[in-house]
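[1] turn this into a model:
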Amino acid sequence: MWTLEKIWNWYQKQPWIVGFNYLPSNAVNSTEMWQKETFSPALIKKELQAASETGYNTCRVFLQYLLWKNGREELFACFESFLETAADCGIRVMPILFDDCAFANKEPYPGPQDAPVKGIHNSGWTPSPGYTLLISKSEQDLLKEYVTDFMTRYGNDDRILLWDLYNEPANREGSLKLLQNAFAWARECAPGQPLTAGQYDPTDYEAFDLVCAELSDIVSFHDYNDLTVTVGRIQKLETYKRPLICTEWLHRPNNNRIETHMPFYKEKGIGIINWGLVAGKTQTYLNWDPSKNPLEGMPKIWQHDIFYGDLTPYCQEEIDLIRQLTR
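    Next comes the predicted model:
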């Protein structure tokens, strides 16, 4: 684990980290983003260029273990293409290796992905590696190889800003062990970038949040609350005395907005990565609560995302503020 001196020295050399969680607008999940048949370099270039022109310098992307297992060189070819495009746009990448989030309530599967369900936020999202592989004893050596394969290939690549080893662990039996192993396996490779796993639910998953904080070089977290709650949360996180990055935020219906939170995070020197960029097949402009969503079209107030599919801003005032704060 990096010392306080080392991580602060690293952090102070970075620009203010301002980013977005990214899937191309034509991908319903990480499988559709990365598999060879549906990987879309031209669309990715177009969307990342729009992000760069807005002022973003970082993107967080979910990888998919199943694709690595079934054809690692194809996955690496797509990942390399993505890194090149991001670098050309002045955007550094924060890859996520494991993920328990499973909005679709399905295991990951190869091939054509199901179409989005009308009115449902992130209806096609699948985890990595998925519950079946997570608990399989015979899979553990491959899970380790997956981590070390990425770390040995990209552990000193300047296009990678830092590694997010596990998104929202705790949703599955066996997650805690994989979380701990992921850090151990990654550290064996001595990457030149920091490692983290984000705290996201201090009420229901406090034990996992504590492990994330204890193992992370830089403390990352998710926060979709209004500013009053966010401020209190930051006060607690600052006790770790490490740099902070909010790797998921922006929930407009909950008063977690560009205009309320972004100036606060900049004043505090906290890196930020909002959820979403372009409205697309993930439908994350919809509310988590299906009862609040239209079956057709878009809601008046989006939950996440910044641009329509044609890259028209959802709110020009938001774009103007992002540009102003990132100059």
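
[2] three-state assignment of the residue nearest to the spatial centre of the chain?
    The chain has Arg60 as the residue nearest its centroid, 4.0 Å off, counting by C-alpha atoms, centre = their mean. Following DSSP: H, G, I helix; E, B strand; the rest coil, we place Arg60 in the strand state.

[3] distance of it relative to Asn21?
    Counting by C-beta to C-beta, to the nearest Å, the gap from Arg60 to Asn21 is 5 Å. Bear in mind the C-beta positions are built from the backbone N, C-alpha and C, glycine included.

[4] now Lys118
    According to C-beta to C-beta, Lys118 stands 23 Å off from Asn21.

[5] ok, these two, which is more surrounded?
    Taking neighbours as other C-beta atoms under 10 Å, Lys118 and Asn21 compare with Asn21 leading, 24 against 14.

[6] roughly how far apart are the more buried one and Ala51?
    Between Asn21 and Ala51 the distance is 11 Å, computed by C-beta to C-beta.

[7] where along the chain do the helices fall?
    With DSSP state H as the criterion, the chain has helices at 4-12, 30-34, 41-54, 65-88, 131-134, 140-154, 175-188, 206-215, 227-237, 258-268, 316-325.

[8] now do the buried residues in the helix or strand of the chain with the lowest mean pLDDT.
    Lowest by mean pLDDT, DSSP states H and E among the helices and strands of the chain is helix 206-215, with a mean of 85. The neighbour-count check on helix 206-215 (16 or more other C-beta atoms under 10 Å) flags 208-209, 211-213, 215 as buried.

[9] now stretch 305-318
    Under the neighbour-count criterion of 16+ other C-beta under 10 Å, stretch 305-318 has 305-308, 311, 314-315, 318 buried.

[10] same question, stretch 140-152
    Within stretch 140-152, the residues scored as buried using 16+ other C-beta under 10 Å are 140, 143-144, 146-147, 149-151.

[11] now stretch 283-301
    With burial defined by 16+ other C-beta under 10 Å, the residues of stretch 283-301 counted as buried are 283-288, 293.

[12] who touches both of Arg60 and Asn21?
    The contact sets of Arg60 and Asn21 overlap at 247, 273 (C-beta atoms under 8 Å, 6 or more residues apart in numbering).

[13] residues making contact with stretch 221-239?
    Contacts for stretch 221-239 (C-beta under 8 Å, 6+ apart): 168, 198-200, 202, 219, 244-251, 254-256, 260-261, 264, 268, 270.

[14] are any of these buried, and which?
    Among those, those buried by neighbour count (16+ other C-beta under 10 Å) are 168, 198-200, 219, 244-251, 256, 261, 270.

[15] between the buried residues of stretch 283-301, which sits nearest Gln14?
    Thr284 (26.8 Å; C-beta to C-beta).

[16] burial measure for the closest residue to the closest one other than its chain neighbours, as a count.
    The spatial neighbour of Thr284 that comes closest, neighbours along the chain excluded (C-beta to C-beta, 6 or more residues apart in numbering), is His304 at 4.3 Å. Around His304 there are 28 other residues, counting by other C-beta under 10 Å.
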